[in-house]
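# my questions are about this predicted structure, shown below with the sequence.
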Amino acid sequence: MSLGVFSLSLAVKDIKASRAFYEKLGFSDMGGVLDENWLIMTNGDVTIGLFQGMFDKNILTFNPGWGPKAEPLDSFEDVRDIQKRFREKGIAFDSEADESTTGPASFVITDPDGNPILFDQHR
């Protein structure tokens, strides 16, 4: 089972300060809208999201349907199919994708240490 490309979604207090910090580490903007308080940044194959005022905690994120540079993949496992597999394994959900739909959808689970994990399909 492929979970999709991995990134870390960071809950930041000051998106401009965080952006400047990660730029010093070699990250550059690849998406997002600064005026809406969210940016996606990359450094090589590493992707992080900066989100001000949107989340309480940092979130581990998987994006089915995206490659390492956020390019759409021709073939991928739909987020609803991943959700079904997790349900069969007895994993509890914090939020669920509507399995009667197609296209963009997401669900959230939490690991044993309280870390939220978002599965977010954009197409």
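Structure's in. What do you need?
# and for the residue nearest to Val33 when sequence neighbours are not counted, the neighbour number?
Of all residues not flanking Val33 in the chain, Leu39 sits nearest, at 7.7 Å (C-beta to C-beta, 6 or more residues apart in numbering). C-beta coordinates here come from the backbone N, C-alpha and C atoms, glycine included. Counted with other C-beta atoms under 10 Å, the neighbours of Leu39 add up to 24.
# what residues does the helix or strand that contains Leu39 touch?
Counting by DSSP states H and E, the element that carries Leu39 is strand 38-43. Under the criterion C-beta atoms under 8 Å, 6 or more residues apart in numbering, residues 7, 15, 19, 22-23, 25-33, 47-52, 54, 69-70 lie in contact with strand 38-43.
# quick one: the residue nearest to Val33 from Thr102, how far?
To Thr102, Leu39 is 29 Å away according to C-beta to C-beta, to the nearest Å.
# and if you look at Leu50?
Taking C-beta to C-beta, one finds Leu50 at 30 Å from Thr102.
# quick check on the two: which one has the bigger neighbour count.
Set side by side, Leu50 and Thr102 show more neighbours around Leu50, with 27 against 11, by other C-beta under 10 Å.
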